[in-house]
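Trainee: Just to be clear, the model below is a prediction. Sequence and coordinates:
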Amino acid sequence: MEFNKEFDASGLACPLPIVKTKKALADMTSGQVLRVISTDPGSVCDMAAFAEQTGNDLLEQGSENSKYVFYLKKA
């Protein structure tokens, strides 16, 4: 999937992946896609809840090389 910006939250524990994802999205314009990489298993539930609460679209989530990967589209 194409994305405009990438944020690597590897090694960060909850709530830092969400806090830093929110900060990364703030610098983007509506419709742009942010790719987030995380090693925190809790980020799977957290990212879905974050997207729902903020109105951003969680386009896709999965795993690559034992890391969690998320694609968020800014509202």
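Mentor: Looks like it came in fine. Not measured: the values here are computed from a predicted model.
Trainee: going forward, measure contacts between C-alpha atoms and count neighbours the same way
Mentor: Fine.
Trainee: ok, now how distant is the residue of the chain most remote from its centre from Asp27?
Mentor: Centroid-distance maximum for the chain: Asn65 at 16.7 Å, with C-alpha atoms, centre = their mean. Separation of Asn65 from Asp27 (C-alpha to C-alpha, to the nearest Å): 28 Å.
Trainee: again with Ser38
Mentor: 20 Å.
Trainee: do Asp8 as well
Mentor: Distance from Asp8 to Asp27, by C-alpha to C-alpha: 16 Å.
Trainee: do Ala13 as well
Mentor: 22 Å.
Trainee: Looking at these two, which one has more neighbours?
Mentor: Counted by other C-alpha atoms under 10 Å, Ala13 and Asp27 do not tie: Ala13 has more neighbours, with 15 against 9.
Trainee: any idea of the mean pLDDT in the helix or strand harbouring Leu25?
Mentor: Assessed by DSSP states H and E, Leu25 sits inside helix 16-26. What helix 16-26 shows for mean pLDDT is 96.
Trainee: I'd like to know which elements that helix is packed against.
Mentor: strand 33-38, helix 43-54 (3 or more C-alpha pairs under 8 Å, 6 or more residues apart in numbering; DSSP states H and E).
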